[in-house]
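Novice: got a sequence here, can you model it:
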Amino acid sequence: MSDTAPPGPVLHLLMVISATLVSTSFTVGEAIAGDLDPVVLTLLRFLIASILLTPVIYLRHSLRPNWSLIGRSAIISSCLVLFFWCMFLALRYTSALNTSVIFTLVPAISGVFAILLVRERLGRPQRIALVLGLAGALWVIFRGDLQLLFAMAWNKGDVIFLLGCFSMALYTPLVKFLYRGESMLLMTFWVLVTGTVWLLIFGANKLLAVDLGSVRPMVWWALLYLAVFTTIITFFLTQYCTPHIGATRAMAYSYLYPGLVLLIDLFLGKGLPPVGTLPGVGMVLLAMVVLQYSSLRRERR
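Specialist: Numbers count the residues shown, from 1 in each chain. Sure, this is the predicted structure:
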């Protein structure tokens, strides 16, 4: 696939598709988080995705190593590996909704990294939108209860996932900073391969200790879903769109996650969260709209 930028609306539609797929990973991850060690879950996810993508790369490109690309991909994948490890570990102690909402802190953090790494300029409306998104995320985490906010009533899983979010915030700025015009499908492949290597270095002993034959079939189906839809496809879409729309705008689509997770949970019969959380969800959605619209106006000037 050519990496020539398609029309702007197409890029944003691709990011909406990516956000929808990522939102399902919170619910799927929560369902299997207790079955395997977080490192093993993440390792199997990356390994399956790498194996599935290998024949595509062989036919369309080449498996001959490009060490410059592999080195840059390894830096990018280190951020993703830490994030996914924190995600699966956090889901043992917190909910899918909590993780999806905490993830809305990432655009603000990513915006700072983008300023430092790629000198991305943020106008006043964009900065206000990032602050609004942050406020909305905190509102949902603490259910609009200021006493809980002041008491910092975070659970263990929330703190673990917040650490992962700092790592994830580096992801899109690094993609733009390290991209050298290669096929984005090829970069996606090497990000997956180097991510698998990172995980083997730190988790091979844990993988060997697992009786894979006793793993529930549902877990394998869930891993296959995560590998294809929320790893290969979402990595490619995000890395494809980021050089064209910017790191902050790409990451701002995470503001859709809480609302999408709420819809998924509602579809699965889990009902709605406390009414007090809904204003916070509305705030983060408004923040995304303002950020995208203000960025588009800056581009047209």
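Novice: got a list of contacts for the helix or strand that contains Ser23?
Specialist: Under the criterion DSSP states H and E, the helix or strand holding Ser23 is helix 8-32. By Cβ atoms under 8 Å, 6 or more residues apart in numbering, the list of residues contacting helix 8-32 from outside reads 5, 41, 87-88, 91, 95-97, 99-100, 218-219, 222-223, 225-226, 229-230, 233-234, 237-238, 240-241, 244-245, 250, 253-254, 256-257, 260-261, 264-265, 268, 292, 296. Any C-beta I mention is one placed from the backbone N, CA and C, and that applies to glycine too.
Novice: just the buried ones among the residues you listed, please.
Specialist: The neighbour-count test (16 or more other Cβ atoms under 10 Å) marks 41, 87-88, 91, 95-97, 99-100, 219, 222-223, 225-226, 229-230, 233-234, 237-238, 240-241, 245, 250, 253-254, 256-257, 260-261, 264-265, 292 as buried among the contacts of helix 8-32.
Novice: which residue, neighbours along the chain excluded, lies closest to Leu174?
Specialist: Ile76 (5.1 Å; Cβ to Cβ, 6 or more residues apart in numbering).
Novice: my read is that the one you found contacts Pro173, right?
Specialist: No - counting by Cβ atoms under 8 Å, no contact exists between Ile76 and Pro173, whose distance comes to 10.2 Å.
Novice: low-confidence ranges in the protein?
Specialist: Under the criterion of pLDDT under 70, the regions of the chain flagged as low confidence span 1-8, 97, 141, 143-144, 146, 148-153, 272-273, 294-301.
Novice: ok and the helix or strand hosting Val39 relative to helix 8-32, angle-wise?
Specialist: Secondary structure from DSSP H and E places Val39 in helix 38-60. The directions of helix 38-60 and helix 8-32 differ by 140 degrees, with axes from the mean of the first three to the mean of the last three Cα atoms, to 10 degrees as the criterion.
Novice: could you pull out the buried residues of helix 38-60?
Specialist: 38-50, 53, 57.
Novice: what packs against that helix?
Specialist: Helices and strands touching helix 38-60, as assessed by 3 or more Cβ pairs under 8 Å, 6 or more residues apart in numbering; DSSP states H and E, comprise helix 67-90, helix 184-208, helix 217-227.
Novice: for Val284, find the nearest of the ones you listed.
Specialist: Checking those against Val284 by Cβ to Cβ gives helix 67-90 as the closest, at 18.7 Å.
Novice: how much space separates Val275 from Ile102?
Specialist: If you measure Val275 against Ile102 using Cβ to Cβ, to the nearest Å, the figure is 20 Å.
Novice: pick out whichever of these two has more residues nearby.
Specialist: Neighbours per residue, other Cβ atoms under 10 Å: of Val275 and Ile102, the larger number sits with Ile102, 26 against 9.
Novice: isn't the more buried one right next to Leu162, touching?
Specialist: Yes - under the criterion of Cβ under 8 Å, Ile102 makes contact with Leu162 at 5.9 Å.
Novice: and Asp247, how far from Leu178?
Specialist: Asp isn't right for residue 247; it's Ala. If you measure Ala247 against Leu178 using Cβ to Cβ, the figure is 12 Å.
Novice: meant to ask about Gly203
Specialist: When Cβ to Cβ is the yardstick, Gly203 and Leu178 sit 25 Å from each other.
Novice: give me the more crowded residue out of these two.
Specialist: In terms of neighbours (other Cβ under 10 Å), Gly203 is the more surrounded of Gly203 and Leu178; the figures are 20 against 17.
Novice: excluding its backbone neighbours, what's nearest that one?
Specialist: With Cβ to Cβ, 6+ apart as the measure, Val39 is the residue that lies nearest to Gly203, at 3.6 Å, once sequence neighbours are left out.
Novice: ok, the one you found - contacts?
Specialist: Listed by Cβ under 8 Å, 6+ apart, the contact partners of Val39 are 85, 199, 202-203, 206-207.
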